[in-house]
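Trainee: I'd like to go over a predicted model; first the sequence, then the structure.
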Amino acid sequence: MSINEAVPYAEGMVKGNAAANADQIQVQDGNGGYKTYYMSNGLNAKGQVVAGLEGKWANGGSTTLATDKLGNGTAFWYVRNGWTSESPNLVLTVAGSVCLLASSTKEITETYSHIANPYPTDLPLNDGIPFVEGMTKGNAAANADQIQIQDGNGGYKTYYMSNGLNAKGQVVAGLEGKWANGGSTTVATDVIPAGKGAWFCRKGSESITLTIASPIAE
């Protein structure tokens, strides 16, 4: 779906005539940066009306309607203009169809790649995002691929792909090839909630094709 179909205007969004004074959506562009869209107030820099743009996402740096599509499971940043800790919550409506595939894939080509749960239920890290060829295993988050999920307090909870060993090189039963809780040698039981995104931090230099397995597939 196009970005305007997928994330329509909602009460409380800040409209503006440029990205600098409006709410934004930022999507990784695959080249180390982001493509930015802003919620338009329907005016250009001179205050003139641009037909059909009011209450729509516009392409950053222009006054053209955004027609880019958001594929199933695409993660993005939502940037609230003028947000403070006292700002009221903003409730987004995100439209789209439910992914019915038993699994989907995501290409990891950058050190930090935005990933998302494409399914309508919570996605367990283990089983949901299994080890695949190219992932870097380690005995701590510092030397292994990571998944980082926002913790709701301004930080992240980190998980790493374990090689099955602890800091002393001893085998930890059942941990090899599993996501472990950062700072420990325990198997992670946490999930990426439905509709939420996360970071995949790649420690190697080769591209990785993640498999994201449906928790509801029969």
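Mentor: Received the coordinates, thanks.
Trainee: report the distance from the worst-scoring helix or strand of the chain on mean pLDDT to the chain centre.
Mentor: Across the helices and strands of the chain, mean confidence by mean pLDDT, DSSP states H and E is lowest for strand 103-108: a mean of 92. What separates the centre of strand 103-108 from the centre of its chain is 13 Å, taken as Cα atoms, centre = their mean, to the nearest Å.
Trainee: one more: stretch 149-169?
Mentor: On Cα atoms, centre = their mean, the centre of stretch 149-169 falls 17 Å from the chain's centre.
Trainee: how about stretch 36-48?
Mentor: Distance, centroid of stretch 36-48 to centroid of chain: 26 Å (Cα atoms, centre = their mean).
Trainee: using PDB, list the CA coordinates for it.
Mentor: The C-alpha trace of stretch 36-48 is given here as PDB (Å, rounded to 0.1, in the frame of the first residue of the first chain):
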ATOM      1  CA  THR A  36      11.600  11.200   4.700                       C
ATOM      2  CA  TYR A  37       8.000  12.100   4.300                       C
ATOM      3  CA  TYR A  38       6.100  14.900   6.200                       C
ATOM      4  CA  MET A  39       2.500  15.500   7.100                       C
ATOM      5  CA  SER A  40       1.400  18.400   4.900                       C
ATOM      6  CA  ASN A  41      -0.800  21.400   5.800                       C
ATOM      7  CA  GLY A  42      -1.500  21.800   2.100                       C
ATOM      8  CA  LEU A  43       0.700  24.900   1.700                       C
ATOM      9  CA  ASN A  44       4.000  25.500   0.000                       C
ATOM     10  CA  ALA A  45       6.900  27.600   1.400                       C
ATOM     11  CA  LYS A  46       5.100  30.800   0.100                       C
ATOM     12  CA  GLY A  47       1.800  30.000   1.900                       C
ATOM     13  CA  GLN A  48       0.100  29.100  -1.400                       C
END
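Trainee: ok, and what's touching that stretch?
Mentor: Residues outside stretch 36-48 that contact it (Cβ atoms under 8 Å, 6 or more residues apart in numbering) are 3, 9, 13-19, 22-27, 49-50, 53-61, 63, 66, 68. The way it works is simple: take the backbone N, C-alpha and C, and place the C-beta from them, glycine included.
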